[in-house]
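Trainee: how would this look folded up:
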Amino acid sequence: MPSFQSGDMKAFHNWVNSQIRYPAEAFKNNLGGKVVAQFTVDQAGSVGDIKILQSPDKCFSDEVTRILESSPKWTPGRDEKGDAVKVSLVIPVDFRMTAEKPSGN
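Mentor: Just a heads-up that it's a prediction; the model follows:
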């Protein structure tokens, strides 16, 4: 299993949540929901092969894709021989409305 910044998936979830820019279109239309994304961490620790498996709206899919594409390098997963391997992961990302206007809009 690959690791993110010497942490676990919780560390990655925290990083993802810190990067979210709530889409202005979704805020204006009072939209929220969960995006489920699949991605790989390759042998060099780079994130790629991003696929959105579930999303309430394209604006959320685009935001999660943007975040995953900007991910820092991971420590790659290893097989039983200790060789770096490509690993596929799935992450849910929740978008919830708050009372304040999204930043950057």
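Trainee: gap between the most far-flung residue of the chain relative to its centre and Val64?
Mentor: Distance from the C-alpha centroid of the chain peaks at Lys81, with 28.8 Å (CA atoms, centre = their mean). From Lys81 across to Val64, the span is 33 Å (CB to CB, to the nearest Å). Using the backbone N, CA and C atoms, a C-beta is placed for each residue, glycine as well.
Trainee: for Asp94, same thing?
Mentor: According to CB to CB, Asp94 and Val64 sit 11 Å apart.
Trainee: count of residues packed around Ser55?
Mentor: 20 (other CB atoms under 10 Å).
Trainee: do you know how far it is from Pro23?
Mentor: For Ser55 relative to Pro23 (CB to CB), the value is 11 Å.
Trainee: ok, now Gln43?
Mentor: Separation of Gln43 from Pro23 (CB to CB) stands at 33 Å.
Trainee: Looking at these two, which is more packed in?
Mentor: The neighbour count for Gln43 versus Pro23, taken as other CB under 10 Å, is higher for Pro23 (20 against 14).
Trainee: residues in contact with the nearest residue to that one once chain neighbours are set aside?
Mentor: Nearest non-adjacent residue to Pro23, counting by CB to CB, 6 or more residues apart in numbering: Cys59, 3.8 Å away. By CB atoms under 8 Å, 6 or more residues apart in numbering, the contact list for Cys59 reads 23, 25-26, 31.
Trainee: Let me know the pLDDT of Cys59.
Mentor: Listed pLDDT for Cys59 reads 95.
Trainee: Repeat that for Pro102.
Mentor: pLDDT, Pro102: 50.
Trainee: before we move on, what about Met9?
Mentor: Note for Met9: predicted pLDDT of 89.
Trainee: How much space separates it from Lys34?
Mentor: Counting by CB to CB, the separation of Met9 from Lys34 is 16 Å.
Trainee: what ranges do the strands span in the protein?
Mentor: 33-41, 47-54, 77-78, 84-85, 87-95 (DSSP state E).
Trainee: May I see those strands organised as TSV, with mean neighbour count added?
Mentor: Below are those laid out as TSV (neighbours: other CB atoms under 10 Å):
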stretch	mean neighbour count
strand 33-41	18
strand 47-54	15
strand 77-78	17
strand 84-85	15
strand 87-95	16
